[in-house]
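S.K.: need coordinates for the below:
(one chain, ligands or ions: 1)
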Amino acid sequence: MALHRIAATTDIPSGEARAFGVAGRRIAVFNIGGKFQAIDDTCPHDGGPLSEGMMEDDCVTCPWHGATFELCTGKEQTSLAGEDVRSYDVVIEGEDLSVEIE
Ligand code: FES
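M.R.: The predicted structure is shown next:
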């Protein structure tokens with residue numbers, strides 16, 4: 001596991017998400033009222049950007065066709081994609097936001 005600093009906490013306003021390229025992946029980081037969650041940005045159904053999806057009830061809905069994923073686990077809540085996305089541990093140190101990647 002390696003810790004990768006990817007942003008400042010202030011880069012992601014509450015209620016929004018941003019995508020970052022890190023370690024050859026695209027990772028979406030969500031700010032839910034000051035709590036940060038990170039999952040793969042790329043929807044396994046057809047590649048939609050999950051960081052641009054709608055957040056609701058600790059889940060995000062893909063903006064392309066509506067597959068829904070739980071933000072803390074990456075588990076798909078629909079059966080559209082037929083696959084979960086990876087979730088990542090987020091570490092906050094001061095204003096630095098890092099994710100743990102294998
Ligand atoms: S690309 Fe995400 S649901 Fe189709």
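
S.K.: list of residues touching stretch 52-59?
M.R.: Contacts with stretch 52-59, where a contact means CB atoms under 8 Å, 6 or more residues apart in numbering, come from 15, 17, 30, 32, 60-63, 68-72, 77. Any C-beta I mention is one placed from the backbone N, CA and C, and that applies to glycine too.

S.K.: so which of the residues you listed would count as near the ligand as well?
M.R.: Restricting the contacts of stretch 52-59 to those touching the ligand (CB under 6 Å from any ligand atom) yields residue 62.

S.K.: most surrounded residue in the contacts of stretch 52-59?
M.R.: With neighbours taken as other CB atoms under 10 Å, the top of the contacts of stretch 52-59 is residue 60, carrying 28 neighbours.

S.K.: that one pairs with what?
M.R.: Bridge pairing for residue 60 (DSSP bridges) gives the partners residue 55, residue 69.

S.K.: who in the chain is up against the ligand?
M.R.: Listed as neighbours of the ligand in the chain under the rule CB under 6 Å from any ligand atom: 43, 45, 46, 47, 48, 62, 64, 65, 66, 67, 80, 81.

S.K.: save these as a markdown table, and put in pLDDT and secondary structure too.
M.R.: Listed next are these as a markdown table, based on pLDDT from 0 to 100; DSSP: H, G, I helix; E, B strand; the rest coil:
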| residue | pLDDT | secondary structure |
| --- | --- | --- |
| 43 | 98 | coil |
| 45 | 98 | coil |
| 46 | 98 | coil |
| 47 | 98 | coil |
| 48 | 98 | coil |
| 62 | 98 | coil |
| 64 | 98 | coil |
| 65 | 98 | coil |
| 66 | 98 | coil |
| 67 | 98 | coil |
| 80 | 96 | coil |
| 81 | 96 | coil |
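
S.K.: any idea how far the ligand is from the residue lying closest to residue 50 once chain neighbours are set aside?
M.R.: Excluding the flanking residues, the one nearest residue 50 by CB to CB, 6 or more residues apart in numbering is residue 28, at 4.9 Å. To the ligand, residue 28 is 12 Å away according to CB to the nearest ligand atom, to the nearest Å.
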